[in-house]
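[1] quick one: sequence and predicted model below, then my questions.
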There are 2 protein chains.
Amino acid sequence: MAVVISFENPASAERGLKPLSDIVAPGMARVNSLILEKAGSDVDLIPELAKHLIDSGGKRLRPMLTIAAAEMCGYPGEGHVKLAASVEFMHTATLLHDDVVDESDLRRGKPSARMVWGNQASVLVGDFLLGQAFQMMVEVGSLDALGVLSQAASIIAEGEVMQLTTAQNLATTEDEYLAVIRAKTAALFSAASEVGPIVAGKGAEERAAMRSFGTNLGLAFQLIDDALDYSGKQKQLGKRVGDDLREGKVTMPVLLAYRRGNQDERAFWKRTLVERDVTDEDLDGAISILRRHKAIDDTVERARHYGAIAADALAIFPEGPHRAALLDAVAFCVSRVH
Amino acid sequence: MAVVISFENPASAERGLKPLSDIVAPGMARVNSLILEKAGSDVDLIPELAKHLIDSGGKRLRPMLTIAAAEMCGYPGEGHVKLAASVEFMHTATLLHDDVVDESDLRRGKPSARMVWGNQASVLVGDFLLGQAFQMMVEVGSLDALGVLSQAASIIAEGEVMQLTTAQNLATTEDEYLAVIRAKTAALFSAASEVGPIVAGKGAEERAAMRSFGTNLGLAFQLIDDALDYSGKQKQLGKRVGDDLREGKVTMPVLLAYRRGNQDERAFWKRTLVERDVTDEDLDGAISILRRHKAIDDTVERARHYGAIAADALAIFPEGPHRAALLDAVAFCVSRVH
């Protein structure tokens, strides 16, 4: 297969997220201060729980997209910092509520907030962070940015509800699964990217380009996450390999292997993912079925497809360090599986 | 005690909520259609669960305040309808998350959503409704209204977290308790009222007046709710008498009785509310301790105090059917205990 777009060259993959982190570092320093400030409250439990999340070592990819997109569009102001912090708060609120919904014990290899402070605090601190996010957006004063981000909030929740019904259904089609991750993951990547040109006062073309960039990067990111869960190293993943199997999550590699599999293999997936009768040895069994059907490789192939669309979406922007860094970020998201 | 402000005259109390419901009926019909429309989703579970809540017979007092306040300020447009629907969605989202946090089995005498659809759906549909609420606010296009309502969202969540720590603490002071209900109940009454003058383009004076009206009405409303839980009739209350006792909730009547009580009585409250060792017979015991210390009467007295402030706040608005209906609503909130 000959893929000619630049994001798949080995040099780009090797640079990874570093060019993006470097170029947004001054903006992200202000985002991080703002996050600490806005997570403050006289109610002790709130900053305590928020700090646990803030320190838990996420890459902050989403707010980096907002900063980079705004700067690439020549924005000279400070509004992108508030929007980036809002995006991270929306993401954090989603994680808090997700952990309650999924009954997760770990988050990025550490005990999840709900394990430390209980489900109650996780639900409510998530709501608090969402309120703070909207207040920051209001301070920026762009109704267009507010519209994009509030729509994303609805779509993310819709995606999570969809996932409740698809999560343990092995008959989910590839299209249905894509609709779920488009809503629950890609919608926030898309909104985070689109508010960059919005705050910079750019028009419909730039907005559409960054919306497309974010959506497709988000799809690629989630598919690679799915693949890593059966092929990654714990350190790379920030969670244990095999968590999706243990939690009964039906993801892209499984859907591909289920359709391609024989009766015995289908019985294996039903027992482990639907009946949740799963032991530590089952992870090796799962991986060997996935390999037999090239299900991990083909999931990565799907991710490459979306990565290519994301990279092409950037073509309308002027060449320069921001565009180059965003291209490297696409390469990073797609290549981190290797 | 001679209270001379009009909201406490018996005729006003007897009219109750009817003048308000009548005067906002055309606006509320449009609010109700909008609520049904915006609770729609291709994800079946969402409209199903939302319909359960919408049909569950709340009074819709909060959106009525928005409609009445905007109309009292002479607003001729339709933006107040969207803001009122947003307010009701924020309230509904709070109820959904509250039921999860409180592990409630019933809501207004019916099985709570979490008992029918599970905690997961309740958390996520709450998030969806919050997203829809913010989208409607964005459509109205008033950054001031967005600021007031997003601030309320943060404050409500803060209040709920505060309540986690005070809920079973009998040493909570009256002031601490008031801070909780100011945040968790009065903040939304306040925001619902303030967005009326905002959308009508009124200035700081009218905004401050309606903010004060809403805050104090909300405090009175919550205190009467606390009193009704030990003195109401099931029908009036929409929930079982004694639910607060059964759920271990420390409310104003209990705080008053605890401070005024002897060792045996304090031991009773500790056993029932803190250790949660409570039987059906304990409700009669609780009520007789509360009566001995005039704790219910004095809770109502506190509510009257806030009701009087709410009524006075309306003085700057022109006499007319809207102001009169809002005064009757104060009388209704304070008198429904009798």
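    Okay, I see it. Numbers count the residues shown, from 1 in each chain, chains lettered A, B, ... in the order given.
[2] who are the contact partners of the residue in the stretch 1-150 of chain A that chain B sits nearest to?
    Per Cβ to the nearest Cβ, residue A:131 is where the stretch 1-150 of chain A lies closest to chain B, at 3.2 Å. In short, each C-beta sits where N, CA and C put it, glycine included. Residues in contact with residue A:131 (Cβ atoms under 8 Å, 6 or more residues apart in numbering or on different chains) are B:150-157.
[3] swap in 7 Å and give it another go.
    B:150, B:153-154, B:157 (Cβ atoms under 7 Å, 6 or more residues apart in numbering or on different chains).
[4] in strands, which of those residues appear?
    Among those, none falls in strands (DSSP state E).
[5] now the most centrally placed residue in chain A. Nearest residue, chain neighbours left out?
    Nearest residue to the geometric centre of chain A (Cα atoms, centre = their mean): residue A:185, 5.0 Å. Nearest residue to residue A:185 in three dimensions, chain neighbours excluded: residue A:222, at 4.2 Å (Cβ to Cβ, 6 or more residues apart in numbering or on different chains).
[6] quick one on the thing from earlier: mean confidence for whichever strand or helix holds the residue of the stretch 1-150 of chain A closest to chain B?
    Assigned by DSSP states H and E, residue A:131 belongs to helix A:113-140. The average of the pLDDT scores along helix A:113-140 is 90.
[7] now do that helix against helix B:113-140, angle only.
    With axes from the mean of the first three to the mean of the last three Cα atoms, to 10 degrees defining the directions, helix A:113-140 sits at 20 degrees from helix B:113-140.
[8] buried sites along helix A:113-140?
    A:113-115, A:117-138, A:140 (16 or more other Cβ atoms under 10 Å in any protein chain shown).
[9] so the residue nearest to residue A:185 sits in a strand?
    No - counting by DSSP: H, G, I helix; E, B strand; the rest coil, residue A:222 is located in no strand; its state is helix.
[10] count of residues packed around it?
    24 (other Cβ atoms under 10 Å in any protein chain shown).
[11] so it makes contact with residue A:183?
    No - counting by Cβ atoms under 7 Å, residue A:222 stays clear of residue A:183, with 10.8 Å between them.
[12] still on that earlier bit, among the contacts of residue A:131, which two are most distant?
    B:150 and B:157 (11.3 Å; Cβ to Cβ).
[13] for residue A:73, see how far away residue A:320 is.
    Distance, residue A:320 to residue A:73, by Cβ to Cβ, to the nearest Å: 11 Å.
[14] neighbour count for these two, which is higher?
    Higher neighbour count among residue A:320 and residue A:73: residue A:73, with 21 against 11, using other Cβ under 10 Å.
[15] and the pLDDT for that one?
    98.
[16] number of nearby residues for the spatially closest residue to residue A:282 that is not a sequence neighbour?
    Nearest residue to residue A:282 in three dimensions, chain neighbours excluded: residue A:272, at 5.3 Å (Cβ to Cβ, 6+ apart). The tally of other residues near residue A:272 (other Cβ under 10 Å) stands at 20.
[17] please tell me I have it right and residue A:272 contacts residue A:244.
    No - judged on Cβ under 7 Å, residue A:272 makes no contact with residue A:244 at a distance of 10.5 Å.
[18] between these two, what contacts are shared?
    Residues touching both residue A:272 and residue A:244 (Cβ under 7 Å, 6+ apart): none.
[19] hang on, the earlier thing: which of the contacts of residue A:131 count as buried?
    By 16+ other Cβ under 10 Å, these give B:150, B:153-154, B:157 as buried.
[20] near chain A, which of those residues show up?
    Among these, the residues within reach of chain A (Cβ under 7 Å from any Cβ of the partner chain) are B:150, B:153-154, B:157.
[21] find me the pLDDT at residue A:240, would you?
    Note on residue A:240: pLDDT of 73.
[22] my bad, should have said residue A:143
    On the pLDDT scale, residue A:143 gets 97.
[23] tell me the contacts of it?
    Taking Cβ under 7 Å, 6+ apart as the test, what residue A:143 contacts is B:138, B:141.
[24] what about 8 Å?
    Counting by Cβ under 8 Å, 6+ apart, residue A:143 touches B:138, B:141, B:143.
[25] just residue A:40 next, same as before
    Taking Cβ under 8 Å, 6+ apart, we find residue A:40 in contact with A:46-47.
[26] quick one: secondary structure of it?
    Under three-state DSSP, residue A:40 comes out as coil.
[27] cool, residue A:280 as well?
    When classified by three-state DSSP, residue A:280 comes out as coil.
[28] what's near enough to touch it?
    If you count contacts by Cβ under 8 Å, 6+ apart, residue A:280 has none.
[29] confidence score at it?
    Looking at residue A:280, its pLDDT is 86.
[30] ok, now residue A:94?
    93.
[31] which residue sits closest to residue A:309, ignoring its sequence neighbours?
    Nearest residue to residue A:309, sequence neighbours excluded (Cβ to Cβ, 6+ apart): residue A:216, at 4.2 Å.
[32] quick check: the one you found is in a strand.
    No - Residue A:216 is assigned helix when assessed by three-state DSSP, not a strand.
[33] burial count for it?
    Residues near residue A:216, counting by other Cβ under 10 Å: 26.
[34] with residue A:67 instead?
    For residue A:67, the neighbour count with other Cβ under 10 Å is 28.
[35] please name every helix or strand in contact with the helix or strand harbouring it.
    Assigned by DSSP H and E, residue A:67 falls within helix A:61-72. Applying 3 or more Cβ pairs under 8 Å, 6 or more residues apart in numbering or on different chains; DSSP states H and E, one finds that helix A:61-72 contacts helix A:18-38, helix A:79-102, helix A:187-199, helix A:204-231, helix A:321-335.
[36] what's in contact with that helix?
    Contacts for helix A:61-72 (Cβ under 8 Å, 6+ apart): A:17, A:20-21, A:23-24, A:27-28, A:31, A:79-81, A:83-85, A:87-88, A:91, A:188-189, A:192-197, A:199-200, A:210, A:214, A:217, A:221, A:317-318, A:320, A:322-323, A:325-326, A:329.
[37] ok now it, how far from the chain's centre?
    Relative to its chain's centre, helix A:61-72 lies at 14 Å (Cα atoms, centre = their mean, to the nearest Å).
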